[in-house]
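Novice: pasting the sequence and the predicted coordinates here, then a few questions.
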Amino acid sequence: MSITITFPNDLAQRLESEALQRQISVEELARTILDRAVARGHDAWSEQNQRRLELIRQSIRQSLTAGEQQELDDLQAALDVRFEDFDAALKSQLELMHSAVE
């Protein structure tokens, strides 16, 4: 699958500079960075999400301790932050598509 990503000029310039230093293409650099970020983020998030789901199930069956409730609140907040970034990226792409149509 092929995806086209539009970067702000300053980020594109930094990527080009870094790729030049490493003597690789910008595409290869971006692919490497994204692959590492997704792998790290997925592994950590998978564990956190499993714990979040365990606490939710437990809260349905019985009360959570104050510590468990705080942990669940923290994990829910992390989920909110994770979706904020996703939502912002989607909104940005929609705005780009909308402006291209006009």
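Specialist: Yes, it's here.
Novice: low-confidence ranges, the protein, go.
Specialist: Within the chain, the stretches with pLDDT under 70 are 39-42.
Novice: just the helices in the protein please.
Specialist: 9-22, 26-61, 66-101 (DSSP state H).
Novice: what about residue 55, how many residues nearby?
Specialist: For residue 55, the neighbour count with other Cβ atoms under 10 Å is 18. Yep, even glycine has a C-beta here, placed from its N, CA and C like the rest.
Novice: got a list of what the residue lying closest to it once chain neighbours are set aside touches?
Specialist: Nearest residue to residue 55, sequence neighbours excluded (Cβ to Cβ, 6 or more residues apart in numbering): residue 72, at 4.3 Å. The contact partners of residue 72, taken as Cβ atoms under 8 Å, 6 or more residues apart in numbering, are 52, 55, 56, 59, 64.
Novice: report the buried members of the residues you listed.
Specialist: 52, 55 (16 or more other Cβ atoms under 10 Å).
Novice: closest one to residue 89 out of the contacts of residue 72, please.
Specialist: Using Cβ to Cβ, residue 52 comes nearest to residue 89 of the contacts of residue 72, at 22.1 Å.
Novice: surely the closest one is in contact with residue 73?
Specialist: No. The pair residue 52 / residue 73 is not scored as a contact, 10.2 Å apart, by Cβ atoms under 8 Å.
Novice: pull out the buried positions in stretch 47-65.
Specialist: Neighbour-count burial for stretch 47-65 [16+ other Cβ under 10 Å]: 52, 55.
Novice: mind starting the numbering at 24 from now?
Specialist: Noted, 24 is the first residue going forward, which turns the last one into stretch 70-88.
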